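Visitor: Next input, structure requested:
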Amino acid sequence: MSSTGYIVRRATSDDVPRLIAIWREAQLPVHILEKRFTEFQVVDAGDGRLVGAFGLKISGKNGLLHSETIPNFELVDALRPLLWERMRSVAGNHGLYRLWTQESAPFWRQYDFNAPDPEVAKRLPADFPSSDGEWLTLQLKDEAAIELSLDKEFAVFRESERDRTQRIMDQARFLKGLATLLAIVLFLFVIAASFYLMKQRQALGR
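Guide: Presented below is the predicted three-dimensional model:
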């Protein structure tokens, strides 16, 4: 529960009827959002009323903030920061690199969302539905640095595996050589023992 008394939490199936009501009031596509209710975080007033909702669609390491709904305009300034704080936490838990949105409120630019440059815009997931609004994005983690780090880690792992494989092969060759040597020694011992026994029999027969 926040200091304001509101509870910000993940939507459950029990919330769907109330979500439908506020989506319908906001003229959002209820038939689509109803099937995606698990994407939503909601603001519970504590008395059974939902006073806000916000969706986060995840695609790989990208997240789409969508369908913000706060029916009471007077509560927008109080609830939007709570929803944003919650969304940041959810994005962090999922290890997202970047957030996208077409929400148009000035709030998002104040929190460092900006229009993507052409290179960044190429990273927009194809499965993020687009409206006529402008895209804004916020980098949560340095994608290039993380990918470079992963490449280095993989290279180190590959080199380590190569060394381990080489050690195993060297050990196998050593054991094979040792087994061959032991076989030769045993063979010579058998020959020597047989020769010795044959000599002993000949000596006893005289």
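Visitor: residue ranges with poor pLDDT in this protein?
Guide: Across the chain, the ranges flagged by pLDDT under 70 are 1-4, 144-152, 155-156, 205-206.
Visitor: ok, 80 please
Guide: Applying pLDDT under 80 to the chain flags residues 1-4, 130-132, 143-160, 162-163, 196, 199-206.
Visitor: Would you map the strands across it?
Guide: For the chain, strands defined by DSSP state E occupy the ranges 7-10, 40-44, 50-59, 62-69, 98-101, 136-139.
Visitor: For the last one, buried residues please.
Guide: Pointing back at strand 136-139 there. L136, T137, L138 (16 or more other C-beta atoms under 10 Å). C-beta: built from backbone N, CA, C; applies to glycine.
Visitor: how far away is the first one from R109?
Guide: Taking C-beta to C-beta, to the nearest Å as the criterion, L136 is separated from R109 by 7 Å.
Visitor: for R164, same thing?
Guide: Applying C-beta to C-beta, the value for R164 to R109 is 51 Å.
Visitor: can you check R173 too?
Guide: 66 Å.
Visitor: circling back: so which of the strands of the chain gets nearest A126?
Guide: Nearest to A126, of all the strands of the chain, is strand 50-59, at 8.4 Å by C-beta to C-beta.
Visitor: What helices and strands are in contact with that closest one?
Guide: If contacts are counted by 3 or more C-beta pairs under 8 Å, 6 or more residues apart in numbering; DSSP states H and E, strand 50-59 sits against helix 16-25, strand 40-44, strand 62-69, helix 76-93.
Visitor: So this structure: which segments form each domain?
Guide: The chain breaks down into these domains under automatic domain parsing: 7-141, 142-206.
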